[in-house]
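Engineer: okay, sequence plus prediction incoming.
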Amino acid sequence: MDEKTIAAYVGSTAAVLGLPLAPERAARVVAHLQRTAAMAALLETAPLAPHDEPAEIYSPAAFPPMGDKGRQL
C-alpha cells in the first residue's frame with residue numbers, strides 16, 4: 001500500500017470510530033502501518049508450510065476447587 005492509501009484509511013477509520021486524530025498523530029499512525037505492511041509483505045514471501053509455525057491449541061486453565069461456601073480451598 002502506498003502512503004496516500006494508508007492515510008485515507010487512517011482518516012476514514014478514525015472518522016467512523018469517532019476518534020479525534022490530530023494530523024501529526026495521523027502521520028505517526030500511517031508510518032506505523034507502512035512498517036507493518038512492509039513486514040507482512042516480507043513474511044508473505046517466506047517459503048513457509050503450515051507445519052513450520054503451528055498454532056497453539058487454546059486450553060483454559062482449570063478453576064480451583066471450591067469449598068461448600070463457594071470459597072477457594
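Structural biologist: Cool, the structure landed.

Engineer: report pLDDT for the residue minimising distance to the centre of the chain.
Structural biologist: Against the mean C-alpha coordinate of the chain, by Cα atoms, centre = their mean, the closest residue is T36 at 10.2 Å. For T36, the model assigns a pLDDT of 94.

Engineer: doesn't it belong to a helix?
Structural biologist: Yes - judged by DSSP: H, G, I helix; E, B strand; the rest coil, T36 forms part of a helix.

Engineer: any idea how far it is from L17?
Structural biologist: Going from T36 to L17 by Cβ to Cβ, to the nearest Å gives 19 Å. To be clear about C-beta, it is placed using only N, CA and C from the backbone, and glycine gets the same treatment.

Engineer: run through the protein and note the low-pLDDT ranges.
Structural biologist: 67-73 (pLDDT under 70).

Engineer: spell out the residue ranges of the helices in it.
Structural biologist: Secondary structure of the chain (DSSP state H): helices at 3-17, 23-45.

Engineer: and the longest one, what's buried?
Structural biologist: In other words, helix 23-45. With burial defined by 16 or more other Cβ atoms under 10 Å, the residues of helix 23-45 counted as buried are 29-30, 33.

Engineer: I'd like these laid out as TSV, including distance to T45.
Structural biologist: As requested, the buried residues of helix 23-45 are exported to TSV (distance: Cβ to Cβ, whole Å):
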residue	distance to T45
V29	25
V30	23
L33	19
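
Engineer: so which of the helices of the chain comes closest to E56?
Structural biologist: For E56, the closest of the helices of the chain is helix 23-45, at 18.6 Å, according to Cβ to Cβ.

Engineer: could you tell me how many residues sit around P65?
Structural biologist: Other residues within reach of P65, judged by other Cβ atoms under 10 Å, total 7.
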